[in-house]
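S.K.: how would this look folded up:
(2 chains)
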Amino acid sequence: MSKKTLTFALMDAPYESENLTTAFRLLAIAAERGFTINVFAYEGASALAFAKQVPHPNPVHGKNVAEENHPTTKDQVAALLACAEENGGKVDWVNCGMCVDERGVNEFVPGTRRGSPADLHAFTEASDNVLVIPTK
Amino acid sequence: MAKKTLNIVESAYRAVMEEQDDTILWVLAAMQGAGAEHTVVLRANAVNYAVAGQGAPGMAVGKWTQTQAPKMDRDVADLIEKRKMTVYVIVEDVAQRGIEKRELMSGIRLLPRAALPGLYEEHAIVSHW
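M.R.: The predicted structure follows:
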């Protein structure tokens, strides 16, 4: 089977929606299959790869930082990039530049980059399919 | 003495995988710890939080795995048992979703829609989440 090229456009901010859980599950499967993956992280999703995210304890659960083991989306992005590479694929993760500027989240996980809607256009032209997961 | 607040929770399963709990129930528990006095009504899709034995497997992305996936029934039980909050579910919303009453966790109270106005009268503030 030929290796597909898939583009995902994400819009939801981290920690606000189940849409990103769905997105990461799909992205993980694509990475495990060695696909070429393009991600355009737009609007709130431009914070997914923000490098300064920090896990926190959960006093309501009565757990410290280690016990709570709170997930951060930056770790999921980094794991996605590593998974793709291990399986012979690659991820081109683009953070919308204007979106990160207005949010002050312009320090990214290594391996992701700043970009623009022109990247989404280029991704679309080069992809077998495009999935938009918009904010609802 | 704190103002009695009635919290009607409609939003359900929003970002629970990333937060490992429901953000509304969480903030109510945290406020209760600070002295607030809350009552909770689960309505619409949020009635499913009262179904016992639920849970989702943790996420996995490559070698990253989630170890503390949310358990919403555990969090509702925490409100009832540990924090002594009264938690209701709207009976009609439970029935509409095909949930049998025997599937609900112990300690949860059933509330017909028609009884809501009376509950409003008993509280100083009504917050609809």
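
S.K.: Which pLDDT value does the model give the nearest residue to A:L20 once chain neighbours are set aside?
M.R.: With sequence-adjacent residues excluded and distances taken as C-beta to C-beta, 6 or more residues apart in numbering or on different chains, A:L20 is closest to A:D12, at 5.3 Å. For the C-beta atoms, the positions are set from N, CA and C on the backbone; glycine is no exception. Looking at A:D12, its pLDDT stands at 97.

S.K.: any idea how far A:D12 is from B:P117?
M.R.: Counting by C-beta to C-beta, to the nearest Å, the gap from A:D12 to B:P117 is 36 Å.

S.K.: swap in B:W64?
M.R.: Applying C-beta to C-beta, the value for B:W64 to B:P117 is 48 Å.

S.K.: returning to what we had before: neighbour-wise, which of A:D12 and B:P117 wins?
M.R.: Neighbours per residue, other C-beta atoms under 10 Å in any protein chain shown: of A:D12 and B:P117, the larger number sits with A:D12, 25 against 8.

S.K.: contacting residues around the more buried one?
M.R.: A:N19, A:L20, A:G44, A:A45, A:I133, A:T135 (C-beta atoms under 8 Å, 6 or more residues apart in numbering or on different chains).

S.K.: please redo it, this time with the cut-off set to 7 Å
M.R.: Neighbouring residues of A:D12 by C-beta atoms under 7 Å, 6 or more residues apart in numbering or on different chains: A:N19, A:L20, A:G44, A:A45, A:T135.

S.K.: burial measure for the residue of chain B found nearest chain A, as a count.
M.R.: Going by C-beta to the nearest C-beta, chain A is nearest to B:G62 of chain B, at 2.8 Å. Residues lying near B:G62 (other C-beta under 10 Å) number 20.

S.K.: Next up, the contacts around it.
M.R.: A:A28, A:A31, A:A79, A:L80, A:A82, A:C83 are the contacts of B:G62 under C-beta under 7 Å, 6+ apart.

S.K.: List the contacts of residue 109.
M.R.: Since you didn't name a chain, this refers to chain A. A:A49, A:A51, A:K74, A:V77, A:A78.

S.K.: Chain B was what I was after
M.R.: When contacts are counted by C-beta under 7 Å, 6+ apart, B:R109 touches B:T86, B:V87, B:Y88.

S.K.: mind running it again at 6 Å?
M.R.: Under the criterion of C-beta atoms under 6 Å, 6 or more residues apart in numbering or on different chains, the neighbours of B:R109 are B:Y88.

S.K.: Name the residues of stretch B:74-90 that are buried.
M.R.: B:D75, B:V76, B:A77, B:D78, B:L79, B:I80, B:M85, B:T86, B:V87, B:Y88, B:V89, B:I90 (16 or more other C-beta atoms under 10 Å in any protein chain shown).

S.K.: about what we covered before: which stretch of helix or strand covers the residue nearest to A:L20?
M.R.: When elements are assigned from DSSP states H and E, A:D12 belongs to no helix and no strand.
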